[in-house]
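Chemist: Just to be clear, the model below is a prediction. Sequence and coordinates:
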Amino acid sequence: MVVITLQRNKCIGCNYCVEIAPEQFQMSKKDGKSVLLRASEKKGFHTLKSKDYLIYEQSNQAAKVCPVKIISVKLS
């Protein structure tokens, strides 16, 4: 299982995550911050759990380039 977590309230809207992993991330037109697609939100953390291991590499790259380090990607 791939678990992706986004701390959306700390997003600065740089758009790097969308450029690298557009299948998982999108920019909000309302506030210009990143949105983790198909995620559930709890206490400011947006989490996506997926059995699709193909999303791991792109999502992990997005986490690495995030300048504020608010994306976490784990295999469980």
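Modeler: Okay, I see it.
Chemist: Counting neighbours, which bits of the helix ranked longest in the chain end up buried?
Modeler: Counting residues, the longest helix found in the chain (DSSP state H) is helix 56-65. By 16 or more other Cβ atoms under 10 Å, the buried positions in helix 56-65 come out as 56, 58-63. Where C-beta positions appear, they are placed from N, C-alpha and C, glycine not excepted.
Chemist: got it, and stretch 31-40?
Modeler: Applying 16+ other Cβ under 10 Å to stretch 31-40 flags 33-36, 39 as buried.
Chemist: can you put the residues you listed in JSON lines and add distance to residue 15, pLDDT and secondary structure?
Modeler: Below are the buried residues of stretch 31-40 laid out as JSON lines (distance: Cβ to Cβ, whole Å; pLDDT from 0 to 100; DSSP: H, G, I helix; E, B strand; the rest coil):
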{"residue": "33", "distance to residue 15": "10", "pLDDT": "97", "secondary structure": "coil"}
{"residue": "34", "distance to residue 15": "8", "pLDDT": "98", "secondary structure": "strand"}
{"residue": "35", "distance to residue 15": "12", "pLDDT": "98", "secondary structure": "strand"}
{"residue": "36", "distance to residue 15": "14", "pLDDT": "98", "secondary structure": "strand"}
{"residue": "39", "distance to residue 15": "18", "pLDDT": "98", "secondary structure": "coil"}
